[in-house]
Structures are given as C-alpha cells and as structure tokens.
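1. After the sequence you'll find the predicted model.
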Amino acid sequence: MRARVKCGVTAAVLGLLAAGCGGGAGESAGAGGGRPGAGGFPVTVTDCAGKKTTFSEPPKRIVTSNAAALELLLRLGAGDKVAGTGFPPAKATLPGKLDAQAQDVEVLGRTIIPKEKLLGSGADLYIDTFASMGGMSGGGMGDAPTEAEFAAAGIKHIHLKSTACAAEREGPMTDLSAVERDITTLGAVTGTDAAAKRLVTGMRAKVAAVRKAVGDTPASERPTYFFFDYDAGTKQPTVVCNRQIAHAISTLAGARDVFADCDGDRKQTGWEDVISKNPDWIQLGVRNRGSAAANRKAFDEAQRWLETNPATKGLKAVKEGRFLRIGSEPTTIAGVANADTVQRIARALYPDKVAKTLQPGKVG
C-alpha cells in the first residue's frame, strides 16, 4: 500500500452510492488459486453492457472507486495491491485489522476521484461501483474517463455489478447471488479464488440458517419493513426499491419490503406513501460516523425525528418502538456483511424462531 493521505471524510454519502443491483452469470474463464499470482489465468469478466475484459495475470496496482470494493479486496487478501481509493471508509467503519489496512490506503478522492488523478494514478485496474448510476460520475462531482482514456492510460476497468448495474437488471433482487458473483469475480481477477470461496461459503451458511428458521412463514404473516434512509434527507424520503441489495436482505430475513412494488433501485416519494403502507418495523438507515458514540447519536436523531414529526409519529412501528439500528453500509452496499445484516434483521423480527437456529452473539 501507498502512504496514507489523511482524510476527514465520513461514510455519510456511501449509502447514496449503492443504487441498485446487477446480475450476470459467473464470469471467470479460469479458476485461480488461493493467492495472488496463482494459476487460473486468463480470466475474462464483463461490464454492465456485456463488454469483456481479459486478465492474463493478476493486477499489480488497483484503484477502487469507493469503500465497498476496497473492503472486498482487503477481505480477499489482495489489499497490498490497492494503490488508492475514492470515497474512503471512515475510521472504525471496518472491523479489526481491516480498518487499519483501509486507513493506510492513499485517498485519491474524498468523493469521486478526479479524472486526471485517476488516469495518472499508475493503476492497471480500476474497480468501479458507480457505472450506470446516473449523476455519480458527473453533476459537479467530476467527469468519468472514457473507455478510450482508460485504455490509453493502461488501466483496465471493471465493475462491482451488484451495485453498479441496476439499469440492466431484470426483475427484483431477492437473494445475494449478485454479491457472491462480485466476490467470486474479484477472487478470480486477483488470484485469490480460495479466499473468495471461503467468503461466499460463509455468507451462504448464514443466510441458510435464517431461511431454515423463518422460510416456512406464510407471506401474510411476515412483518412489513421500511428502510428509512435518514441521511438522504427527511423533507422527501428516498426509498430503496426492489433492485437494491437492501430489498434482497430484508426479503431473506423474512420481512415484506413495503416498497417491493417499486421497480428500480431508488426513488424519491412522499411521506403519504410511507404512511399509507404503515410498516410494522423501521430500519434506521444511518451511515457510519466513525465512532460508536457518533453512530449512537445519529441513530437517536433519526428515531427522534420519526417520533416527533407529525407525518410519521402515528406510524405503527413508531408507536410500538419497533426500530432496528443497523447501518446503511452493510444493508445497501455489496459486501460479506450483507449476510450478517440478514441475520440481524431476522433476530429482531423472529426472536423465538431464530433463537432455535442461530447461535447467539453479535454479527455484522
């Protein structure tokens, strides 16, 4: 890793970047070993439009567009290949040693990496979480390089498809297979297939335990659920729709997403829409503030807003105090923590059923 650039940015914008989810079949043309530089090449992956990129060997200098791709590389054991990132994770966002590793990565952009800095970074691979995500690459936040410019700079360009390809996805996202494919793809590209397999196996085991516990619950008996994106603004709520990872997570946990009929990734709506759906449970979707105390304060603020706002204080979930304090990042951004979030939601919604299947203790 390169020397760290001290950065005071928080993770407050990360959830807004996690629009939608993409699918796509498994993509590696070969299966690498368990360490960078192992066999299994060439490896070919596709982007949201189906364009192919082939790797004859693992990349040596990787730049990530945001904390989601960075975290996955760290978990795969390819962190020593990361040369820089945009949208860096706030301190203490990641657990244990991962946090120290993440804080040592050079910050190329507090938000979107400036085009010139990205092209001049010396990277041979850029992992993009944004792709088709509308204004994320423009709108005053900097222009994204063209594919010709990436090629001229010697940078291969691939996507975290589970979050980048919402526009190309057909139908709702109801499981974590797209996230698993992203992990498998990054494992193949970086030659860390064995680590990728372990991560995916661990995720599947956690989700399977929940499905065993609550899977036979009739749809009519499943509680309704609303993800309240507090940091996206309260004047007009921004809701997650059925192509977003958050929809898959709540569905797997045995909940009924109140905006499951919204075909897309995210949309702005009115509070009258939320009121008409009157959810049984509300997740306080707050982004990591960098410390337990700051996070607690943000959750308190989000809950207090719902309890005191005339438009929301009469909601069933608010009156009964049915709030889940689970951060936005592990709910809306691709990562192994998605499976932990499934378990956390299921524990809250089905304490008796889940207690018989899942081991007690903290997850996520």
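-> The structure has been received and is ready for your questions.
2. what's the following helix or strand after the biggest helix by length in the chain?
-> When the chain is parsed with DSSP state H, its longest helix is helix 193-214. Once the chain leaves helix 193-214, the next helix or strand it forms, by DSSP states H and E, is strand 224-228.
3. Next SSE downstream of that next one?
-> strand 238-240.
4. Could you check the angle the helix or strand following that following strand makes with strand 224-228?
-> Past strand 238-240, further along toward the C-terminus, the next helix or strand under DSSP H and E is helix 245-252. Interaxial angle, helix 245-252 versus strand 224-228 (axes from the mean of the first three to the mean of the last three C-alpha atoms, to 10 degrees): 150 degrees.
5. outside of helix 245-252, which residues touch it?
-> Defining contact as C-beta atoms under 8 Å, 6 or more residues apart in numbering, one finds that helix 245-252 is touched by 18, 21, 162-163, 172-176, 178-179, 207, 210-211, 225, 227, 240-241, 257, 259-260, 283, 285, 331-334, 338, 341-342, 345. Bear in mind the C-beta positions are built from the backbone N, C-alpha and C, glycine included.
6. In strands, which of those residues appear?
-> Mapping those onto strands (DSSP state E) picks out 225, 227, 240, 257, 283.
7. Any idea how many residues pack against the first one?
-> Which is Tyr225. Using other C-beta atoms under 10 Å, Tyr225 has 29 neighbouring residues.
8. Return the residues in contact with the residue lying closest to Met203 once chain neighbours are set aside.
-> For Met203, the nearest residue in space outside its immediate sequence neighbours is Ala339; the separation is 3.9 Å by C-beta to C-beta, 6 or more residues apart in numbering. Counting by C-beta under 8 Å, 6+ apart, Ala339 makes contact with 176, 202-204, 206-207.
9. what do you get for Leu315?
-> So Leu315 contacts 274-275, 278-279, 282, 306 (C-beta under 8 Å, 6+ apart).
10. now do Ala213
-> Neighbour list for Ala213: 346, 350, 353-354, 356-358 [criterion: C-beta under 8 Å, 6+ apart].
11. For the protein, give me the ranges with low pLDDT.
-> Scanning the chain for pLDDT under 70 picks out 1-39, 132-142, 167, 356, 359-364.
12. sec struct for the residue of the chain positioned farthest from its centre, please.
-> Going by C-alpha atoms, centre = their mean, the residue of the chain most distant from its centre is Pro310, 32.0 Å out. State at Pro310, reduced to three classes by DSSP: H, G, I helix; E, B strand; the rest coil: coil.
13. List phi and psi for it.
-> Note on Pro310: backbone dihedrals following degrees, to the nearest 10 are phi -60, psi -30.
14. That one and Ile275, how far apart?
-> 11 Å (C-beta to C-beta, to the nearest Å).
15. joint contacts of these two?
-> Joint contacts of Pro310 and Ile275 (C-beta under 8 Å, 6+ apart) do not exist.
16. Which of the contacts of Ala213 fall in helices?
-> Counting by DSSP H, those place 346, 353-354 in helices.
17. Who does Phe323 form a beta bridge with?
-> For Phe323, the beta-bridge partners are Ile282 (DSSP bridges).
18. Just give me the neighbour total for it.
-> 19.
19. How about Ser121: what's its closest non-neighbour residue?
-> Distances taken as C-beta to C-beta, 6+ apart place Val63 nearest to Ser121, at 5.3 Å, with adjacent residues excluded.
20. mind checking which helix or strand the one you found is in?
-> Using DSSP H and E, Val63 falls in strand 62-64.
21. so what secondary structure elements neighbour that strand?
-> Secondary-structure packing of strand 62-64 (3 or more C-beta pairs under 8 Å, 6 or more residues apart in numbering; DSSP states H and E): helix 67-76, strand 82-86, strand 125-128.
22. Please tell me how far the residue nearest to Ala255 when sequence neighbours are not counted sits from Leu349.
-> Once flanking residues are discounted, Ala255 sits nearest to Tyr225: 3.6 Å by C-beta to C-beta, 6+ apart. Tyr225 sits 8 Å away from Leu349, going by C-beta to C-beta.
23. I am finished for the moment; much appreciated.
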